[in-house]
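Student: Just the structure for this:
(one chain, ligands or ions: 1)
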Amino acid sequence: HPLDAEGADPFAVARIAAEQLASATGVERHDIALTLGSGWAKAAELIGETVATIPATEIYGFSAPALTGHVGTLRSILLPNGKRALVIGARTHYYEGHGVRRVVHSVRTAAAAGARIMVLTNGAGGIKEHWEPGTPVLISDHINLTADSPLEGATFIDLTDLYSERLRGIARGIRPELDEGVYVQFRGPHYETPAEVQMAKTIGGHIVGMSTALEAIAAREAGMEVLGFSLITNLAAGISPEPLSHAEVLEAGRAAEPVISELLARVVAA
Ligand SMILES: Nc1nc2[nH]c(I)nc2c(=O)[nH]1
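Tutor: Numbers count the residues shown, from 1 in each chain. Model prediction:
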């Protein structure tokens, strides 16, 4: 794989991917990019007019997704305001073990394609007890428990205001009741034990997941403004008495889709 070679330059790979994307979609430059996580896929239909849908495997550096519910496509969408959105339906999760370069390749490709805003969405577990399954929440900050980073070498990047206060303000202007929380990225693929959820709570986390933090760091390195949304599809282990099930997760996502897709469509068009 082009990103696995020791001396590979991930930014060169992203530039090639962006060029291929421009010629495959006929869209020279994309202004905003969105990664749609569990439960968010429907948003792609609502945010604007799809002008092209490309199988991600056709673009340099992308691989087939490992998770059902994630479609392996890249979509170019014309927004009502005339801007171009790139919808990434091909997230690579850290737990797939392909390395961080593959996890953040889509973000780097979006940046190389011109995107200045990166919207990262995911399905996640909730620690705040009043959050019902199906609740969308804004990510205000993150705690990266992967013990890894997309940054290589002495690349010291400031992560203050990583999850843009400005973009969160726009989202709250559209949906004032939106709550927010600190997202904790675990390596996965196992869900947390109740003790690990209590640890996440003790260290200041409100949301537990297996994505997003590493992608956000790469987006900031590429100079993008980041907006993060979690769909709380389940209460994290131990917060509620029932055990977790992936079926419950998918069901909560499906039920919430119309609401969150509409929300995302309005935020993106703002
Ligand atoms: N780590 C973690 N990831 C998740 N993704 C979803 I959807 N729910 C969870 C959860 O409870 N924990």
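Student: Next one: the residue nearest to the spatial centre of the chain from the ligand, what distance?
Tutor: Centroid-nearest residue in the chain, with C-alpha atoms, centre = their mean: residue 120, separated by 2.9 Å. Noted for residue 120: a distance of 14 Å to the ligand, by C-beta to the nearest ligand atom, to the nearest Å. Backbone N, C-alpha and C define where each C-beta goes, glycine included.
Student: Quick one: residues contacting that residue.
Tutor: 34-35, 37, 139, 211-212, 215-216, 219, 226-229 (C-beta atoms under 8 Å, 6 or more residues apart in numbering).
Student: Narrow these to those in strands?
Tutor: Among the contacts of residue 120, the members found in strands (DSSP state E) are 34, 35, 139, 226, 227, 228, 229.
Student: Pull the most distant pair out of the residues you listed.
Tutor: For the ones in strands among the contacts of residue 120, the farthest-apart pair by C-beta to C-beta is 34 and 139; their separation is 14.0 Å.
Student: For the stretch 151-270 of the chain, which residues are neighbours of the ligand?
Tutor: Counting by C-beta under 6 Å from any ligand atom, the stretch 151-270 of the chain comes close to the ligand at 186, 188, 191, 192, 208, 209, 210, 233, 234, 236, 244, 249.
Student: and of those residues, the nearest to residue 145?
Tutor: Nearest member of these to residue 145, counting by C-beta to C-beta, is residue 186, at 5.4 Å.
Student: okay, now the nearest residue to the closest one once chain neighbours are set aside: neighbour count?
Tutor: Distance criterion C-beta to C-beta, 6 or more residues apart in numbering; nearest residue to residue 186, sequence neighbours excluded, is residue 145 at 5.4 Å. Per other C-beta atoms under 10 Å, the neighbour tally for residue 145 reads 18.
Student: I'd say residue 145 and residue 188 touch.
Tutor: No. With contact defined as C-beta atoms under 8 Å, residue 145 does not count as touching residue 188 (10.3 Å).
Student: Chain neighbours aside, what residue packs nearest to residue 98?
Tutor: Per C-beta to C-beta, 6+ apart, closest to residue 98 is residue 92, 6.1 Å.
Student: Count the neighbours of the one you found for me.
Tutor: 27.
Student: So it belongs to a strand, correct?
Tutor: No. Read with DSSP: H, G, I helix; E, B strand; the rest coil, residue 92 is coil and lies in no strand.
Student: Could I get the contacting residues of the nearest residue in space to residue 10 that is not next to it in sequence?
Tutor: Spatially, and ignoring its direct neighbours in sequence, residue 10 is nearest to residue 101 (4.9 Å; C-beta to C-beta, 6+ apart). For residue 101, the contacting residues are 3, 4, 8, 10, 150, by C-beta under 8 Å, 6+ apart.
Student: Identify the farthest-apart pair in the residues you listed.
Tutor: 4 and 150 (14.7 Å).
Student: ok, the two, which is more surrounded?
Tutor: Just comparing residue 4 and residue 150: by other C-beta under 10 Å the higher neighbour count belongs to residue 150, 25 against 10.
Student: The more buried one touches residue 220, doesn't it?
Tutor: No. Applying C-beta under 8 Å as the test, residue 150 and residue 220 come out as separate, 9.9 Å apart.
Student: in stretch 73-81, what counts as buried?
Tutor: Under the neighbour-count criterion of 16 or more other C-beta atoms under 10 Å, stretch 73-81 has 73, 74, 75, 76, 77, 78, 79 buried.
Student: no no, stretch 209-226
Tutor: By neighbour count on 16+ other C-beta under 10 Å, the buried set for stretch 209-226 is 209-222, 224-226.
Student: And stretch 167-185, by the same measure?
Tutor: Of the residues in stretch 167-185, 167, 168, 171, 178, 179, 180, 181, 182, 183, 184, 185 count as buried by neighbour count, 16+ other C-beta under 10 Å.
Student: One more: stretch 23-37?
Tutor: Buried-residue list, stretch 23-37, by 16+ other C-beta under 10 Å: 24, 25, 27, 30, 31, 32, 33, 34, 35, 36, 37.
Student: what's the second one in contact with, if anything?
Tutor: For residue 25, the contacting residues are 51, 52, 54, 74, 76, by C-beta under 8 Å, 6+ apart.
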